[in-house]
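# Could you work out the structure for the sequence below:
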Amino acid sequence: MFSKRSSFLYLALALLALLAIAGCQPTERVVEVTRVVEVPGEEVVVEVPAEGEEGPLAADGMVPCMPLPELAFEVGASPHVASLADTAPATTSIFSAPQARPAAQATGKVYRVGVFEDVTTTNFWAANGPDNTVWNSYMLPQRLYAYALADKRFDFVPQAALALPEPLVQEGDFWTVEIPFQTDITWSDGTPFGAADWAFTADTVKNLGLISGNWSSWYDFNYLDHIEAVDTYTAKLFFHTKPGLARYQYGVLSSPILSKAYWEPVVTTAAAPVAALAADAAEEVVLAAQQEAQDNLFAHVPEGEPLAGSFNFDQWEAGAFLENSASTSYFNEGVIVREYTNGAYQEEPGFVLYGPAEGDVELEFIIGPHVDSVVYSVYGSQDAAILALQNGDVDAVLNPLGMQRGLTSRLLGDPNIEVLENPTNGFRYLSFNNRRRPMNDCAFRQAVAALIDKEFVTGTILQGVAFPLYTFVPEANGAWYFADVPKIGQALTREQRTNLAVAILEQAGYTWEGDVKPAWDADNRQVTQAGQLLMPDGVPVPPLTMPAPSAGYDPLRSTFAIWIESWLNEFGIPLTANLAGFNVIVPIIFTEQSFDMYILGWSLSIFPSYLNDFFAEEQAVTDGNNAGGYVNPEFEALAQQILTCDSVETCKPISDQIQTLLATEVPYVVLFDTGIIEPYRSAALDFPYTEHLSGLQYAHQGGGTLQAEVNVR
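Numbering: from 1, shown residues only. Sure, this is the predicted structure:
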């Protein structure tokens with residue numbers, strides 16, 4: 001599972017005093033007048049917006065890439081992964097005391113967690129669809145799955161299932177497999193869990209056409225046909241097309257299962273528009289009915305929803321706290337987990353997988369919950385959450401950004417607090433709206449990539465707290481990382497970047513008004529101000545907007561946004577960075593899709609099926625993961641293979657090819673990442689492990705397993 005619109009990291013700078021313009025949405029461009037534009041050697045009359053009118057220029061399809069100029073392939077030093085030993089002198093950080101807030105009335109042992117963004121819904125369907133944010137993933141309780149990934153090492157292991165799945169077998173037109181479940185699992189209301197719950201969940205996703213967020217990777221009906229309850233505790237999966245690892249083991253077998261008894265009447269009411277469809281209804285009519293049904297379902301506020309995980313939802317005070325109480329009937333409570341250095345995985349009582357349970361044990365813990373409740377307190381900023389940690393108001397701070405290094409020095413001397421650093425499996429990126437000109441043009445996207453000096457921002461401005469990225473699989477995910485991709489602009493000087501971007505655009509037919517091209521001024525060591533960039537048909541590039549996280553939420557991305565705005569404007573591209581809060585810009589990007597470019601981040605899955613999911617044409621819809629509307633038949637043909645390959649050996653070359661294509665086409669400019677720094681009160685908590693890819697925050701996602709394993713002293 002991946003967390004959409006995940007957030008990330010650090011270091012506030014004084015120059016980030018840019019006004020957040022969250023509510024200003026571009027309107028459709030109104031062409032009312034003409035303008036004479038001076039193009040080298042001639043004058044061209046083009047249509048432009050009336051004075052005072054601003055808005056996007058609709059694109060008529062994608063413009064393909066041309067061969068990159070030779071300069072684009074110059075390669076510099078490898079990205080540097082910062083560590084605490086490399087920390088620059090701490091900048092002054094002004095702490096503000098946490099604002100007064102209603103307190104959760106938790107009793108007994110409480111795992112107290114600080115966060116600095118609230119949930120947006122308690123509805124699990126919505127939280128993994130249009131509201132698929134990392135904060136919802138942290139705080140909403142864990143769900144039930146047939147299979148899951150083990151702690152720390154990510155072994156594929158049974159959760160509700162009895163054993164690892166048998167190979168798929170062909171039966172007529174279908175590929176099938178039967179999955180037996182444990183017979184002692186109950187929902188929190190005391191009713192038994194069974195195969196009918198899984199079949200119902202799959203039917204709901206299919207009938208309502210749920211594809212946004214995580215649903216399309218969990219239940220992909222391009223492969224899955226349906227799930228049947230063969231008997232109370234046996235489910236049979238039917239695939240009309242044989243799936244690979246992405247849509248089988250890491251797809252439907254790892255998908256969440258919801259209570260049929262609770263949700264069936266809710267879904268029946270929500271799905272009324274679909275039920276009313278005529279048998280021969282046109283596709284657009286079906287899609288409209290499904291959208292209405294989805295809106296109905298997402299609007300439902302669940303009260304008393306039965307769960308089968310380690311915690312149950314208790315209460316939510318918006319803007320203040322969310323509390324989950326420990327389950328008294330969790331089927332895995334008391335199970336001992338051991339991971340061996342020889343690769344074996346053991347649950348006692350239970351099973352042994354991947355070799356004999358012998359030799360050295362590298363990880364051992366007892367599944368809880370070991371606390372009575374988990375309380376997530378919402379603070380207005382990372383500073384406030386860290387101050388609450390220092391004051392003992394919370395025991396840990398969850399933060400997909402990691403702690404700002406400027407705050408780290410305040411904690412390193414505290415004997416009650418431990419500061420962890422782990423590598424991350426994620427990236428922050430710039431995306432383009434390919435439904436609009438000139439973002440639909442590969443040459444324009446490549447030129448923007450060339451102009452962005454990642455090394456300068458991460459090294460000089462951010463003092464090494466981040467490192468530049470060029471690949472769509474981070475280096476920390478070693479099994480799938482591929483270094484040999486085009487790295488447009490890597491380690492070039494400002495002069496070289498300018499020359500490369502000019503060469504890319506001129507090759508594609510772009511010019512500058514008045515023939516005033518950007519150029520390097522060696523005497524003043526700066527780029528001369530260019531005339532407005534003109535597209536190949538002579539139309540000026542219109543004013544562009546770029547939503548990005550504000551400095552209060554993520555100083556690193558806001559810093560990049562300001563520099564990108566500056567570099568593009570001096571180059572003749574009129575771009576405005578609109579900085580705003582995380583929960584403000586997410587709907588602008590994914591629901592309204594009212595942007596020209598945007599900056600966000602992803603927390604990534606281990607298996608790189610997201611290489612398809614982020615850029616697939618079917619995801620280029622409202623609330624889909626492909627908010628930028630990137631469409632490329634060559635990509636579609638290649639990316640589909642990552643969904644059907646069935647082993648690491650067959651999937652790795654496909655993943656490498658996809659990464660190469662994306663690095664060339666640049667639907668994203670992958671910007672940077674950081675190691676993730678996390679503090680917790682070691683005087684109050686015992687975690688079973690502290691070394692983890694993407695940090696302990698990653699082990700808390702999806703309702704987490706770590707919540708059920710932490711001990712409070």
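
# alpha carbons only for contacts and neighbour counts from here, please
Fine.

# contacting residues around Tyr250?
218, 607 (CA atoms under 8 Å, 6 or more residues apart in numbering).

# Now do Leu253, the pLDDT please.
At Leu253, the predicted lDDT confidence score is 97.

# Doesn't it lie inside a strand?
No. Counting by DSSP: H, G, I helix; E, B strand; the rest coil, one finds Leu253 to be helix, located in no strand.

# How about the contacts made by it?
Leu253 neighbours (CA under 8 Å, 6+ apart): 145-147, 218.

# buried residues in stretch 329-339?
329-333, 335-339 (16 or more other CA atoms under 10 Å).

# how near is the residue lying closest to Thr183 once chain neighbours are set aside to Asp613?
Spatial nearest neighbour of Thr183, excluding adjacent residues (CA to CA, 6 or more residues apart in numbering): Tyr233 at 6.5 Å. Going from Tyr233 to Asp613 by CA to CA, to the nearest Å gives 32 Å.

# which one of the two has more residues nearby?
Asp613 (23 against 19; other CA atoms under 10 Å).

# Quick one, grab the pLDDT at the more buried one.
Looking at Asp613, the pLDDT reads 95.

# measure it to Pro423 for me?
Distance, Asp613 to Pro423, by CA to CA: 23 Å.

# Ok, Ala683 next?
Noted for Ala683: a distance of 24 Å to Pro423, by CA to CA.

# Also Ala271?
The value you get for Ala271 to Pro423, if CA to CA is used, is 43 Å.

# Assign the residue lying closest to Ala639 once chain neighbours are set aside to helix, strand or coil.
Using CA to CA, 6+ apart and skipping the chain neighbours, the partner closest in space to Ala639 is Asn612 (5.2 Å). State at Asn612, reduced to three classes by three-state DSSP: helix.

# Surely Asn612 touches Gln641?
No. Using CA atoms under 8 Å, Asn612 makes no contact with Gln641, being 9.1 Å away.

# So which of the two has more stuff around it?
Set Asn612 next to Gln641 and count neighbours by other CA under 10 Å: Asn612 wins out with 23 against 20.

# In contact with the more buried one, which residues?
Residues in contact with Asn612 (CA under 8 Å, 6+ apart) are 636, 639-640, 642-643.

# Sort out for me which of those residues are in helices.
In this view, the contacts of Asn612 that belong to helices under DSSP state H are 636, 639, 642-643.

# Distance from the helix or strand containing Glu678 to the middle of the chain?
Counting by DSSP states H and E, the element that carries Glu678 is strand 676-680. When distances are taken as CA atoms, centre = their mean, to the nearest Å, strand 676-680 is centred 20 Å away from the chain's centroid.

# For the helix or strand following that strand, name the packing helices and strands.
Following the chain from strand 676-680 toward its C-terminal end, the next helix or strand by DSSP H and E is strand 685-686. Strand 685-686 is packed against strand 711-712, with contacts defined by 3 or more CA pairs under 8 Å, 6 or more residues apart in numbering; DSSP states H and E.

# Sheet partners, orientation included, of the strand it packs on?
Strand 711-712 has the following strand partners under DSSP bridges: strand 685-686 (antiparallel).

# Show me which residues of the helix or strand following the partner strand are buried.
Remark: after strand 685-686, the chain's next helix or strand is helix 695-699, criterion DSSP H and E. Buried residues in helix 695-699, counted by 16+ other CA under 10 Å: 695-699.

# Next up, the contacts around Arg437.
Taking CA under 8 Å, 6+ apart, we find Arg437 in contact with 56-59, 541.

# now do Ala235
178-181, 195-196, 198-199, 227-229.

# Got a quick ChimeraX command for the buried subset of those?
The ChimeraX command for the buried members of the contacts of Ala235 (criterion: 16+ other CA under 10 Å) is given here:
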select :178,179,180,181,195,196,198,199,227,228,229
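
# Now do Asn422, the pLDDT please.
92.

# What segments of the stretch 451-600 of the chain are helices?
Ranges of helices in the stretch 451-600 of the chain, per DSSP state H, counting those that start in this stretch, are 454-455, 494-507, 555-570, 582-590.

# quick one: the longest one to chain centroid distance?
How far helix 555-570 lies from its chain's middle: 21 Å, per CA atoms, centre = their mean.

# same check, this time on the second one
Between the mean C-alpha location of helix 494-507 and the chain-wide mean there is a distance of 31 Å, by CA atoms, centre = their mean.

# Show residues contacting that helix.
In contact with helix 494-507 (CA under 8 Å, 6+ apart) are residues 68-69, 71-72, 443-444, 446-448, 450-451, 453, 489, 511, 517-520, 526-527.

# Mind giving me the packing neighbours of the helix or strand hosting Ala449?
Under the criterion of DSSP H and E, Ala449 resides in helix 442-451. In this structure, helix 442-451 packs against helix 494-507, helix 555-570, helix 648-665, with contacts taken as 3+ CA pairs under 8 Å, 6+ apart.

# Tell me which of those lies nearest to Leu245.
Closest approach to Leu245 among those is made by helix 648-665 (8.6 Å; CA to CA).

# In that closest one, which residues are buried?
Going by neighbour count (16+ other CA under 10 Å), the buried part of helix 648-665 is 651-652, 654-665.

# cool, stretch 297-316 as well?
Using 16+ other CA under 10 Å as the test for burial, stretch 297-316 gives 297-298, 300, 302, 305-316.

# now do stretch 684-701
Of all the residues in stretch 684-701, those buried under the rule 16+ other CA under 10 Å are 684-685, 688, 692-701.

# Output these as JSON lines; include the columns distance to Glu475 and pLDDT.
Formatted as JSON lines, these follow (distance: CA to CA, whole Å; pLDDT from 0 to 100):
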{"residue": "Ala684", "distance to Glu475": "34", "pLDDT": "95"}
{"residue": "Leu685", "distance to Glu475": "31", "pLDDT": "96"}
{"residue": "Pro688", "distance to Glu475": "26", "pLDDT": "96"}
{"residue": "His692", "distance to Glu475": "15", "pLDDT": "93"}
{"residue": "Leu693", "distance to Glu475": "11", "pLDDT": "93"}
{"residue": "Ser694", "distance to Glu475": "12", "pLDDT": "92"}
{"residue": "Gly695", "distance to Glu475": "15", "pLDDT": "94"}
{"residue": "Leu696", "distance to Glu475": "19", "pLDDT": "95"}
{"residue": "Gln697", "distance to Glu475": "19", "pLDDT": "94"}
{"residue": "Tyr698", "distance to Glu475": "17", "pLDDT": "93"}
{"residue": "Ala699", "distance to Glu475": "19", "pLDDT": "94"}
{"residue": "His700", "distance to Glu475": "22", "pLDDT": "95"}
{"residue": "Gln701", "distance to Glu475": "21", "pLDDT": "93"}
